[in-house]
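J.: Need coordinates for the following:
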Amino acid sequence: MCGIVGVVNKSKKASEDLMFGLKQMEYRGYDSAGVVFSKNFNTYKSIGSLINLEKACLHNEDTIGIAHTRWATHGSVNLTNTHPIKIGNFAIVHNGIIEDTDKIIKEINYKPQTQTDTEILLAYFVFLRKEHSLEDSLQIIDQKIKGSYAALILEFSSDQIIWLKKGFSPIVISETEFGYTVASDMEGVKNPIKTYEINSNGYGIISNSFVSDFQTFKKNLIIKGEFSEKTTKENLFHEKTKSHNTWLEEEILEQIKIFENEKSLNLKKDFSVYHNVKLIGCGSSFFAAEIGAYWLEEENILASASIASEWNISDTPTFDHQLTIFISQSGFTADTVSALLKAKKYSKTLALVNKKNSPISNNSDQVVLLNAGTEKSVASTKSFSSQIIKLFQIIKGTLPKNIEEKVKNIFKIDVEKIVDNILKHREIFILGKNKMSLVAKEGMLKITEITYLNVFAYPAGELKHGYIAKITEETISIILAPEDPVLLQKTLSSAQEIISRDGKILLIASENYIKKDLFIKTDPMNYDEATFCYTILLQRIAFKLAEKLNRPIDKPRNLAKSVTVE
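T.: Residues are numbered from 1 along each chain as shown. Sure thing, here's the model as predicted:
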């Protein structure tokens, strides 16, 4: 959950390309960032925003350097733990996790100076280099170090950068006009000409001594590993420009176009051949999985959803003719990757991902691409909608008729005054029945992520089984109540229970059935339509709440976009 980038140029200074890479990959982590250059080993570090780092290092004229943007997993957020980390004449930046640090420390009798596992990886490399060649040292690390990681190592006054990869932490290497760039993703490469993705455990170098001859890529740049060429057209960051103050607002609005593009597609698959379908994801992707399980069971298919990190450690019953569906925006989610590798032993697999050539897509029997485009804000919005769109299409067929018009109308609703009223309350509840209970969970997650408010989501019928104890005049309950002859009345009954305890109500429905408190009027819609539309409405409410609270909307505290460690 960090971004790494290294630049080896022939003539152009590296600082501009390094800062470009950090900015483009800042969604991977923004606790701190740092840069080190080869020639004088000058190092620059900053906590938080990249602005201070950029001001400090852009004057540096060196053509070779490595950089890092951090999401802290090992060690506090401070300059000591900020990458690059130096030992002697070597410096390292690292994404991922080293699992056997205690064992390494004892083996080399090393006293750590930081709280990071990154330092231990470099210490082991330095220890090995005293008696081994570069290639032998990298080979020993590849064989002995446990974990999943990608790292770049720079030696003082060297014309090359060493890279290492193990597990599912990504690395790409690109030819540019001025040399080579190695990064966590294509987003981190400025103006790539050719890009190669490292597909396996491996290690190698990039060097300015053969910058002009990219055809020697495998011979000179890869000592060990397998790679594949990636088209630069996938680099959607370079095509995407922000027209609003935040990426989140931009990406919420982009959902209109997604529905317009997807409305007539029919991707329906025959699930009747499977005795059981399991859907697996993390975070928002898990809520999408739960919605998919609902839709499958409506089609008389036995289905259930599990959180990847929990399913990985559980004793799992197996079935003949089983399908396991894995849902991930990035395709690199570590817990979901582990779940996929577990399921492949006995189950057919299907991946729903936003990026092809990811570990999840590459290891699945079938792949359905979300086609959501690049999502830069940490909170998932358009990628979540794309997940449930694709689930609906493969389970039910084409999207509900006129759904794009109902989605457009959701954006015509003024939520400004509603949000002002919500902020008057100490706690927020979101309640619904059937699939609305899952839309409520996703809405809870969105509000929690970007506002840090106290938000709870429950199935409406569960209120009287304990949760109603929390209801007071200081709480507001958002009630999701689309059209249904049975479920509507049951939902409204739960709302009345709240009212009788002096709790405040925000009703979302086509009519103000309660005639009390706050009300958002929507088009009449059934539960399938509301799954799409109410999701977006709750995203808009979450965004406006965060905006009024002056939160860092695209970069919420303690979170990162791509979770590549378990």
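
J.: burial of Ser385, as a residue count?
T.: Here the count is done by other Cβ atoms under 10 Å, and Ser385 has 28 residues near it. All C-beta atoms are positioned from the backbone trio N, CA, C, and that covers glycine.

J.: part of a strand, is it?
T.: No. Looking at Ser385 with DSSP: H, G, I helix; E, B strand; the rest coil, it is helix, so not inside a strand.

J.: Return the residues in contact with the nearest residue to it once chain neighbours are set aside.
T.: Spatially, and ignoring its direct neighbours in sequence, Ser385 is nearest to Gln255 (5.1 Å; Cβ to Cβ, 6 or more residues apart in numbering). Applying Cβ atoms under 8 Å, 6 or more residues apart in numbering to Gln255 gives the contacts Thr381, Lys382, Ser385, Val407, Ile536.

J.: Now the phi/psi pair for Gln255, please.
T.: Gln255 adopts backbone torsions of phi -60, psi -30, taken as degrees, to the nearest 10.

J.: about what we covered before: next, give me the two most distant ones among the contacts of Gln255.
T.: Distance extremes for these: the farthest pair is Thr381 and Val407 at 12.8 Å, using Cβ to Cβ.

J.: what sits in contact with each of those two?
T.: Common contacts of Thr381 and Val407 (Cβ under 8 Å, 6+ apart): Gln255, Ile536.

J.: okay, the two: which has more neighbours?
T.: The residue with more neighbours, out of Thr381 and Val407, is Thr381; 28 against 24, by other Cβ under 10 Å.

J.: Can you read off the pLDDT for that one?
T.: Per-residue confidence (pLDDT) for Thr381: 97.

J.: That one against Glu251, yeah?
T.: Yes. Between Thr381 and Glu251 there is a contact at 5.1 Å, judged by Cβ atoms under 8 Å.

J.: what residues do the two have in common as contacts?
T.: Glu375.

J.: next one: stretch 254-266 to chain centre, how far?
T.: Centroid separation for stretch 254-266 versus its chain: 22 Å, with Cα atoms, centre = their mean, to the nearest Å.

J.: Just the buried positions in that stretch, please.
T.: By 16 or more other Cβ atoms under 10 Å, the buried positions in stretch 254-266 come out as Glu254, Gln255, Ile256, Ile258, Phe259, Glu262, Lys263.

J.: wait, which of these is closest to Val337?
T.: Closest approach to Val337 among the buried residues of stretch 254-266 (Cβ to Cβ): Ile258, at 25.6 Å.

J.: Quick one: residues contacting that closest one.
T.: So Ile258 contacts Asn371, Ala372, Lys382, Ser385, Ser386, Ile389 (Cβ under 8 Å, 6+ apart).

J.: Pretty sure it sits in a strand.
T.: No. Under the criterion used here (three-state DSSP), Ile258 is helix, not part of a strand.

J.: where does it land on pLDDT?
T.: The model reports Ile258 with a pLDDT of 95.

J.: For the contacts of Gln255, please prepare a markdown table with the additional fields secondary structure and distance to His94.
T.: Formatted as a markdown table, those follow (DSSP: H, G, I helix; E, B strand; the rest coil; distance: Cβ to Cβ, whole Å):
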| residue | secondary structure | distance to His94 |
| --- | --- | --- |
| Thr381 | coil | 30 |
| Lys382 | helix | 31 |
| Ser385 | helix | 34 |
| Val407 | helix | 42 |
| Ile536 | helix | 38 |
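
J.: Closest one of those to Ala56?
T.: Using Cβ to Cβ, Thr381 comes nearest to Ala56 of the contacts of Gln255, at 33.9 Å.

J.: ok now do that closest one, which residues does it touch?
T.: Remark: with contacts taken as Cβ under 8 Å, 6+ apart, Thr381 is in contact with Leu248, Glu251, Ile252, Gln255, Glu375, Lys446, Ile536, Gln539.

J.: so how far is Glu290 from it?
T.: Applying Cβ to Cβ, to the nearest Å, the value for Thr381 to Glu290 is 18 Å.

J.: what's the answer for Ala351, then?
T.: Using Cβ to Cβ, we find Ala351 at a distance of 18 Å from Glu290.

J.: Which one's more surrounded, these two?
T.: Using other Cβ under 10 Å as the criterion, Ala351 and Glu290 rank with Ala351 on top: 25 against 20.

J.: so that one bridges to which residues?
T.: Ala351 has these beta-bridge partners by DSSP bridges: Phe326, Val367.

J.: residues in contact with it?
T.: By Cβ under 8 Å, 6+ apart, the neighbours of Ala351 are Ile325, Phe326, Ile327, Ser328, Gly331, Leu340, Ile360, Ser361, Ser364, Gln366, Val367, Val368.
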